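>>> Starting from these lines, generate the structure:
(one chain, ligands or ions: 1)
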Amino acid sequence: MKDIHALYNEKLTSAAELASRVESGWLIGMDNAISQPKDFINAVSDRAKKGELSGVWVQTMLDSYPYAFYEDDSLNGKINGISWFSSAGSRKAVNGGYADVVPGYYRDMPSHIRSSWDYDTVAISVSPMDSHGYFSLSCTNSYAEALLDKTKRVYLEINRQLPRAVRGSQIHISRVDALYETDYALPVLPPAKLDETSTIIGGYIAEMIPDGACIQLGIGAIPDAVGAALKSKHDLGIHTEMFTDSMVELINCGAVNNSKKQTHRYRSVTTFAFGSQRIYDYVDDNPAIEILPVDYVNDPAVICLNDNMISINAALEVDFWGQVCAESIGTKHVSGSGGQVDYVRGACQSKGGKSFIAFPSTAKGGTISKIKPILTPGAIVTTSKNDVDYVVTEFGVAHLRGQSLASRTKQLIAIAHPDFRDELTFEARKRGIMI
Ligand code: COA
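Below is the predicted model:
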């Protein structure tokens with residue numbers, strides 16, 4: 001094989017030149033969060049804006065940058081996005097009819113990619129090459145390996161500011177078609193607002209988490225509040241989909257040491273890390289965190305190997321059956337399934353495990369109850385009635401798993417906001433389920 005530095009120089013180009021290689025009709029794949037090659041995608045979008053391209057599709061997930069094809073509907077037909085998880089960045093386009101979505105459990109995305117998708121190019125932002133010719137996939141390793149298996153070309157963005165994950169996937173220079181160098185600051189998420197409601201909810205859940213438990217925290221203010229409430233615990237472990245800022249805090253304060261895990265002892269396991277410079281600094285060259293493919297990390301059969309596995313996720317609304325909607329308000333898309341079900345199932349199968357779906361009892365300034373007799377028509381069921389375990393609001397904890405419809409309904413009404421309890425009881429009686 002040629003000298004790695006000679007190979008590197010042969011393949012080195014610019015984002016604009018790489019974008020000029022893209023042809024109409026191409027499908028471009030990328031993984032999530034900070035692995036997205038912003039400069040290349042923006043350069044391709046600029047070409048589409050100039051009318052040089054049509055029919056280009058870019059597949060995305062949990063986008064960390066604003067993309068023109070999600071913001072500007074005049075690009076429809078020139079360049080469009082398809083999202084595996086329609087979070088804030090893609091929501092407007094999905095609801096506006098100029099972006100598509102792929103439903104699925106996060107753990108299954110690598111197998112969906114391997115069975116159903118073929119990419120003209122896959123583009124990934126990685127950290128600089130090491131002395132053996134390898135680039136670390138850095139903070140995201142969710143389905144990148146599957147993308148690399150199903151693409152005609154591999155383009156890399158080398159961002160000097162990306163941390164190097166020593167226990168994660170690597171790609172060798174020999175597998176790369178072209179690359180360019182860049183140097184921009186990584187995106188950070190605004191810190192969660194810990195208001196009184198989320199702090200109360202965090203406190204209820206923290207009381208039910210024993211020392212030595214293994215935790216997963218999902219996306220949103222409530223999981224962050226639980227993180228904040230766990231600082232006085234001991235010997236916690238982390239096996240999670242998203243490695244968050246509150247987890248770094250738990251490691252720094254000594255609450256997490258991963259010593260009681262049954263798998264990956266003394267190491268945190270995740271499939272991506274995203275949110276703050278503190279996270280990126282923690283990941284850099286740190287063997288204490290493993291960033292592994294999502295078909296392994298989110299497999300309930302792997303998750304449940306750790307005893308006392310605790311999963312904490314949020315919801316938009318829950319009905320009397322305990323059906324959890326975390327993705328839409330009626331037919332309006334808000335989010336994706338992500339790994340919620342993966343962790344609900346993994347936690348419930350773990351010895352001593354518990355899964356919590358937690359949310360404030362009301363939305364929109366107290367005008368809407370998030371506990372409802374039936375879900376808003378068109379709502380997407382994320383976690384089914386058969387999988388749900390604990391549901392928590394600022395008014396308490398309902399344990400639904402294994403319980404009858406009547407018991408679920410009574411427990412849920414008891415943790416609904418007092419302003420809505422009479423109305424909910426009336427609806428339950430009307431349907432004959434307050435037995
Ligand atoms: N009716 C109407 N509007 C509602 C509502 C309801 N029942 N519930 C929430 N909303 C509104 C909120 O007011 C807010 O509106 P705004 O953006 O105008 O302020 C918006 O919907 C988002 O709600 P919020 O509760 O603030 O969301 P969050 O940031 O706490 O995230 C989820 C909650 C459910 C969207 C998020 O956890 C998610 O994406 N989950 C799915 C995937 C998942 O759980 N993955 C887990 C592994 S990481």
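>>> C-alpha coordinates for the lowest-mean-pLDDT helix or strand in the chain, PDB please?
Across the helices and strands of the chain, mean confidence by mean pLDDT, DSSP states H and E is lowest for helix 221-229: a mean of 90. Backbone C-alpha positions of helix 221-229 (Å, rounded to 0.1, in the frame of the first residue of the first chain) are rendered in PDB as follows:
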ATOM      1  CA  ALA A 221     -35.600  18.800  29.700                       C
ATOM      2  CA  ILE A 222     -36.900  16.000  32.000                       C
ATOM      3  CA  PRO A 223     -34.200  13.500  31.400                       C
ATOM      4  CA  ASP A 224     -31.700  16.400  32.100                       C
ATOM      5  CA  ALA A 225     -33.500  17.100  35.300                       C
ATOM      6  CA  VAL A 226     -33.200  13.500  36.400                       C
ATOM      7  CA  GLY A 227     -29.500  13.700  35.600                       C
ATOM      8  CA  ALA A 228     -29.200  16.700  37.900                       C
ATOM      9  CA  ALA A 229     -31.100  14.800  40.700                       C
END
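>>> Report all helices and strands that the helix or strand just after that helix contacts.
Stepping forward along the backbone from helix 221-229, the first helix or strand reached (DSSP states H and E) is strand 237-238. With contacts defined as 3 or more CB pairs under 8 Å, 6 or more residues apart in numbering; DSSP states H and E, the packing partners of strand 237-238 are strand 214-217, helix 245-252, strand 268-270. Every residue, glycine included, has its C-beta placed from N, CA and C.
>>> The least confident helix or strand of the chain packs against which elements?
Where contact means 3+ CB pairs under 8 Å, 6+ apart, helix 221-229 is packed against helix 196-207, strand 214-217, helix 245-252, strand 309-313, strand 354-358.
>>> quick one, which of those is nearest to the ligand?
Distances from the ligand to each of those were compared using CB to the nearest ligand atom; the shortest belongs to strand 309-313, at 4.1 Å.
>>> so the closest one versus strand 354-358, what angle?
What separates the directions of strand 309-313 and strand 354-358 is an angle of 10 degrees, with axes from the mean of the first three to the mean of the last three CA atoms, to 10 degrees.
>>> what about strand 309-313, distance to the chain center?
Here the centre of mass of C-alpha atoms in strand 309-313, compared against the chain's by CA atoms, centre = their mean, to the nearest Å, lies 14 Å away.
>>> Ok, which of the helices and strands packed on strand 237-238 comes nearest residue 335?
Of all the helices and strands packed on strand 237-238, the one in closest proximity to residue 335, counting by CB to CB, is strand 214-217 (15.8 Å).
>>> my guess is residue 75 meets residue 45, correct?
Yes. Here residue 75 reaches residue 45: they are 7.1 Å apart, a contact under CB atoms under 8 Å.
>>> Now do the shared contacts for the two.
With contacts taken as CB atoms under 8 Å, 6 or more residues apart in numbering, residue 75 and residue 45 have 68, 69 as neighbours in common.
>>> quick one, helices of the stretch 1-150 of the chain?
Chain-ordered helices for the stretch 1-150 of the chain, with DSSP state H, counting those that start in this stretch as the definition, fall at 4-11, 15-20, 38-49, 68-71, 88-96, 109-116, 144-149.
>>> residues of the first one that come out buried?
It refers to helix 4-11. 4, 7, 8, 11 (16 or more other CB atoms under 10 Å).
>>> Could you pull up the residues touching the last one?
Under the criterion of CB under 8 Å, 6+ apart, the neighbours of residue 11 are 173, 176, 177, 178, 179.
>>> out of those, which is most surrounded?
With neighbours taken as other CB atoms under 10 Å, the top of these is residue 179, carrying 24 neighbours.
>>> Please parse the protein into its domains.
Structural domains annotated on the chain: 4-182, 196-430, as defined by automatic domain parsing.
>>> residues in the stretch 1-150 of the chain within reach of the ligand, list them.
Contacts of the stretch 1-150 of the chain with the ligand, taken as CB under 6 Å from any ligand atom, are absent.
>>> correction: the stretch 251-400 of the chain
Counting by CB under 6 Å from any ligand atom, the residues of the stretch 251-400 of the chain lying close to the ligand are 313-317, 326, 329, 334-335, 338-340, 363-364, 368, 370.
>>> ok, of these, which one's closest to residue 63?
For residue 63, the closest of these turns out to be residue 335, at 12.5 Å, with distances computed as CB to CB.
>>> Which two of the buried residues of helix 4-11 have the greatest separation?
Spanning the widest gap among the buried residues of helix 4-11 are 4 and 11, at 10.6 Å by CB to CB.
>>> Need the overlap of contacts for these two.
By CB under 8 Å, 6+ apart, the residues touching both residue 4 and residue 11 are residue 173.
>>> what about residue 153, how many neighbours?
Residues near residue 153, counting by other CB under 10 Å: 17.
>>> for residue 314, same thing?
For residue 314, the neighbour count with other CB under 10 Å is 23.
>>> ok, residue 253 touching residue 230?
No. If you go by CB under 8 Å, residue 253 and residue 230 don't touch, sitting 9.3 Å apart.
>>> what's around the closest residue to residue 163 other than its chain neighbours, how many residues?
Nearest in space to residue 163, with sequence neighbours left out and distances taken as CB to CB, 6 or more residues apart in numbering, is residue 284 at 3.6 Å. Here the neighbour count serves as a burial measure; for residue 284 (other CB under 10 Å) it reads 18.
>>> quick one: residue 284 from residue 312, how far?
To residue 312, residue 284 is 27 Å away according to CB to CB, to the nearest Å.
>>> Kindly report the same for residue 37.
Computed with CB to CB, the distance linking residue 37 and residue 312 is 32 Å.
>>> For the two, indicate the residue with more neighbours.
A direct count of neighbours by other CB under 10 Å for residue 37 and residue 312 places residue 312 higher, at 31 against 28.
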